[in-house]
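In: let's see this in three dimensions:
(one chain, ligands or ions: 1)
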Amino acid sequence: MRLFIDTGSVAEVEEIAAWGVLAGATTNPSLLAKEDGDPAEIIRRICDLVGGPTSAEVVSEDAAGMVAEGGALYALHEQVVVKIPFCKAGLAATHVLTAAGIPVNMTLVFSPSQALLSAAAGATYVSCFMGRLDDISIDSIAVVAEIIEQFRAGGITSQIIAASIRHPEHCVGAAKLGCEIATVPSKVLRQMLEHPLTSSGAAAFKRDWESRPEFGEWLAALTDDHAASAGRR
Ligand code: G3P
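Out: Model (predicted):
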């Protein structure tokens, strides 16, 4: 499963792209509305930082407006994917944009039947909102599992994005089901780093190594020699 970051913050993408774990990004109007600066610059910068598909969402409520906004957003950067909210107009706009070769991420998908319609309209990505399903006591894992099952059974190639991720278990659950992508807020990505045994293990390795200062000198010299010989090559 590939990991995208779900944010409108360039600073967050800068921090987490440096970990080398991101394959893409998703924004939405709520996330971008929290940020200062030119949205076009923010979207372009996120595209450059992640070097992969980056969703930017339309806000028009009619199909023609969605198509016009989608074309303009797509023109911002080669990595832009047009994010379209699920609705009748959104399906029609998806059909037009994908026919023109513009990739669409259908968002606000909460049921297997909505996912089927999204795929039928041509969406490259279908975003199922796990956290918001759990918020209303619908088992998000069961919904994602059903979407995956029906796509695989029918040979549907639209990629499923697990979205509205609230905790690491959403990610692990989506990955175990075979979801292609999870789009994850920075807070949850940071939570995914943590384990008390990792921290205590690293502290013990450091303490033991530092008890032998001559070994530290040996490794520093080895590293310097290697860098010098690599520089001569
Ligand atoms: O980007 C869409 C989605 O991930 C939003 O999540 O936390 O607002 O439900 P959330």
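In: spell out which parts of this protein neighbour the ligand.
Out: Asp6, Thr26, Asn28, Phe129, Gly131, Arg132, Ala163, Ser164, Thr183 (C-beta under 6 Å from any ligand atom). Backbone N, C-alpha and C define where each C-beta goes, glycine included.
In: mind putting these into a markdown table with distance to Ser113, secondary structure and neighbour count?
Out: Formatted as a markdown table, the residues of the chain next to the ligand follow (distance: C-beta to C-beta, whole Å; DSSP: H, G, I helix; E, B strand; the rest coil; neighbours: other C-beta atoms under 10 Å):
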| residue | distance to Ser113 | secondary structure | neighbour count |
| --- | --- | --- | --- |
| Asp6 | 24 | strand | 23 |
| Thr26 | 23 | strand | 27 |
| Asn28 | 23 | coil | 21 |
| Phe129 | 15 | strand | 19 |
| Gly131 | 20 | helix | 16 |
| Arg132 | 17 | helix | 15 |
| Ala163 | 18 | strand | 28 |
| Ser164 | 19 | coil | 21 |
| Thr183 | 22 | strand | 26 |
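In: could I get those as TSV with pLDDT?
Out: Putting the residues of the chain next to the ligand into TSV (pLDDT from 0 to 100) gives the following:
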residue	pLDDT
Asp6	98
Thr26	98
Asn28	97
Phe129	98
Gly131	98
Arg132	98
Ala163	98
Ser164	98
Thr183	98
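In: which residues does stretch 196-213 contact?
Out: Phe215, Gly216 (C-beta atoms under 8 Å, 6 or more residues apart in numbering).
In: how about exporting that stretch as PDB, limited to the C-alpha atoms?
Out: C-alpha atoms of stretch 196-213 as PDB (Å, rounded to 0.1, in the frame of the first residue of the first chain):
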ATOM      1  CA  PRO A 196       8.300   2.300  23.300                       C
ATOM      2  CA  LEU A 197      10.600  -0.700  22.500                       C
ATOM      3  CA  THR A 198      12.100   1.200  19.600                       C
ATOM      4  CA  SER A 199      12.900   4.200  21.800                       C
ATOM      5  CA  SER A 200      14.300   2.100  24.700                       C
ATOM      6  CA  GLY A 201      16.200  -0.200  22.300                       C
ATOM      7  CA  ALA A 202      17.900   2.800  20.500                       C
ATOM      8  CA  ALA A 203      18.800   4.300  23.900                       C
ATOM      9  CA  ALA A 204      20.400   1.100  25.000                       C
ATOM     10  CA  PHE A 205      22.500   0.800  21.700                       C
ATOM     11  CA  LYS A 206      23.700   4.400  22.100                       C
ATOM     12  CA  ARG A 207      24.600   3.900  25.800                       C
ATOM     13  CA  ASP A 208      26.500   0.600  25.200                       C
ATOM     14  CA  TRP A 209      28.400   2.000  22.200                       C
ATOM     15  CA  GLU A 210      29.400   5.200  24.100                       C
ATOM     16  CA  SER A 211      30.800   2.900  26.800                       C
ATOM     17  CA  ARG A 212      33.600   2.100  24.300                       C
ATOM     18  CA  PRO A 213      34.800   5.500  23.000                       C
END
